[in-house]
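Undergrad: got a structure for you, letters missing:
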């Protein structure tokens, strides 16, 4: 059994094209021996966002903090703590911090094969 | 993309032997077409606990609320919001609400094949 404080897991900048002011903490992944899926927290500075992109695997997401929006091909939907999202494989998506003065964060899980 | 409010997902009692005063909400599972893993919230009434048990699949857990403990073959460890846990396949474990007057809850993910 591995127990971690999320605040003690290193935060590293997301350097993908189309990302702005986003850090990621890999809570559980291949280095922990996670068998099936990986757990990460993404932290968005005020005005920050992830890339608008798609990939061959799903996301399962829980909004943890802040005033956020998820963008799909249908447009932008506000989301907040108390909400969870399932983004299907090959579905375009983006997560945005709608606030200009407060941080936002969300938990995001993926199949472990896609976590470096 | 599926977006849900966790409070609107039905809560059902966990009726396994050895469980006391625990409800589960299946946020994403086979009925949602989740490809790889399932996301659930477990809610423990004051003094409630899950069974002390093991199974052939892992858990990835985030403590959401309350004053909790996780039990392993090594004994009992306090856990609280801000902490995450990886329980390996076949590792015995139990989650307990240590409070006698406040609820507790945790997010718990498993491979989708093990979610009914």
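TA: Looks like it came in fine. As the structure is a prediction and not an experimental result, all values here were calculated from the model.
Undergrad: How about the contacts made by residue A:19?
TA: Contacts for residue A:19 were tallied using Cβ atoms under 8 Å, 6 or more residues apart in numbering or on different chains; they are A:49, A:50, A:51. For every residue, glycine as well, the C-beta is placed using N, CA and C.
Undergrad: run the last query once more with 10 Å
TA: Shown in contact with residue A:19 (Cβ atoms under 10 Å, 6 or more residues apart in numbering or on different chains): A:13, A:42, A:44, A:48, A:49, A:50, A:51, A:52, A:53, A:94, A:95.
Undergrad: Which one of those residues is nearest to residue B:57?
TA: When these are ranked by distance to residue B:57 (Cβ to Cβ), residue A:42 comes first, at 25.5 Å.
Undergrad: Surely the closest one is within a helix?
TA: No. Under the criterion used here (DSSP: H, G, I helix; E, B strand; the rest coil), residue A:42 is strand, not part of a helix.
Undergrad: Now do the contacts for it.
TA: By Cβ under 10 Å, 6+ apart, residue A:42 lies in contact with A:11, A:14, A:19, A:22-25, A:48, A:50, A:61, A:64, A:95, A:104-108.
Undergrad: What of residue A:94?
TA: When contacts are counted by Cβ under 10 Å, 6+ apart, residue A:94 is found next to A:18, A:19, A:49, A:50, A:51, A:52, A:53, A:69, A:70, A:71, A:72, A:76.
Undergrad: Dig out what residue A:41 forms beta bridges with.
TA: residue A:25, residue A:107 (DSSP bridges).
Undergrad: And for it, the neighbour number?
TA: Residue A:41 has 22 neighbours, counted by other Cβ atoms under 10 Å in any protein chain shown.
Undergrad: Report pLDDT for it.
TA: Note on residue A:41: pLDDT of 98.
Undergrad: do you know how far it is from residue A:12?
TA: 11 Å (Cβ to Cβ, to the nearest Å).
Undergrad: okay, and the common contacts of these two?
TA: Counting by Cβ under 10 Å, 6+ apart, the residues touching both residue A:41 and residue A:12 are A:23, A:24, A:25, A:26.
Undergrad: what about the second one, distance to residue A:44?
TA: According to Cβ to Cβ, residue A:24 stands 10 Å off from residue A:44.
Undergrad: who's more crowded, the two?
TA: Using other Cβ under 10 Å, the more surrounded residue of residue A:24 and residue A:44 is residue A:44, with 27 against 19.
Undergrad: Identify the spatial nearest neighbour of the more buried one, chain neighbours not counted.
TA: Ranked by Cβ to Cβ, 6 or more residues apart in numbering or on different chains and with sequence neighbours excluded, the top spatial neighbour of residue A:44 is residue A:97, at 3.8 Å.
Undergrad: got the contact list for the one you found?
TA: For residue A:97, the contact set (Cβ under 10 Å, 6+ apart) comprises A:20-22, A:43-50, A:65-69, A:103-106.
Undergrad: Any of those buried? List them.
TA: When neighbours are counted using 16 or more other Cβ atoms under 10 Å in any protein chain shown, the contacts of residue A:97 contain these buried positions: A:22, A:43-44, A:48-50, A:65-69, A:104-106.
Undergrad: so what pLDDT did residue A:116 get?
TA: Listed pLDDT for residue A:116 reads 80.
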